[in-house]
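Engineer: below are the sequence and a predicted model for it; my questions follow.
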Amino acid sequence: MSFFSEFREFAVKGNVVDLAVGVIIGGAFGKIVDSLVGDVIMPLVGLVFGRLDFSNLYVVLGTIPAGVANTLADLKKAGVPVLAYGNFLTIVVNFLILAFVIFMMVKQINRLRREKAEPAAAAPAAPPEDIVLLREIRDSLARH
């Protein structure tokens, strides 16, 4: 089998195609969650805690040169070391929301699988009483 035919067989298998679709949908879902966190949740959290934008929370670790504005973008541009923890908080909230949504999805999928499997796994109905009696008679005769 040649290298190219082996690669073609690998690339068109269902698992590889499913993985590609999952990665594409995951990327799009990640953008949705980023927007939810950045545009909806973090402004509300910032409003509650008195700040409207967490992404600009930082601590300056060095000295600010003269003429440089005390904003995160200007400090980074000037090469001043800053601990930008606000962006980290946003990413942590983003991760927690994404993990929660995935957990809820997996939980629902597992619930649907259990519901689907339950009717098939139901115990068979007990045989009628006359069948049970006939089996007892047969077993009794076999012992004698």
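Structural biologist: The structure has been received and is ready for your questions.
Engineer: helices along this structure, start to end?
Structural biologist: Using DSSP state H, the helices of the chain run over residues 3-11, 14-35, 42-48, 72-77, 85-120, 129-143.
Engineer: wait, residue 81 sits on residue 59?
Structural biologist: No - taking Cβ atoms under 8 Å as the definition, residue 81 is not a contact partner of residue 59, at 9.7 Å. C-beta: built from backbone N, CA, C; applies to glycine.
Engineer: what is the burial count for residue 75?
Structural biologist: 21 (other Cβ atoms under 10 Å).
Engineer: gap between the residue nearest to it when sequence neighbours are not counted and residue 61?
Structural biologist: Excluding the flanking residues, the one nearest residue 75 by Cβ to Cβ, 6 or more residues apart in numbering is residue 82, at 5.2 Å. Look at residue 82 and residue 61: by Cβ to Cβ, to the nearest Å, they are 6 Å apart.
Engineer: give me the more crowded residue out of those two.
Structural biologist: Shown here are residue 82 and residue 61; by other Cβ under 10 Å, residue 82 has more neighbours (15 against 10).
Engineer: just the pLDDT for that one.
Structural biologist: Residue 82 carries a pLDDT score of 91 in this model.
Engineer: over to residue 131?
Structural biologist: Confidence score, pLDDT, at residue 131: 87.
Engineer: just the pLDDT for the most centrally placed residue in the chain.
Structural biologist: Geometric centre of the chain, nearest residue: residue 102, 3.1 Å, by Cα atoms, centre = their mean. On the pLDDT scale, residue 102 is placed at 80.
Engineer: same thing with the one 3 residues further on?
Structural biologist: We note a pLDDT of 82 for residue 105 in this prediction.
Engineer: what number of residues lie near it?
Structural biologist: Going by other Cβ under 10 Å, the residues that sit close to residue 105 add up to 10.
Engineer: quick check: it vs residue 29, distance?
Structural biologist: In terms of Cβ to Cβ, residue 105 sits 10 Å off from residue 29.
Engineer: same check on residue 54?
Structural biologist: 22 Å.
Engineer: which of these two has more neighbours?
Structural biologist: residue 54 (20 against 14).
Engineer: pretty sure that one contacts residue 45?
Structural biologist: Yes - using Cβ under 8 Å, residue 54 is in contact with residue 45, at 7.2 Å.
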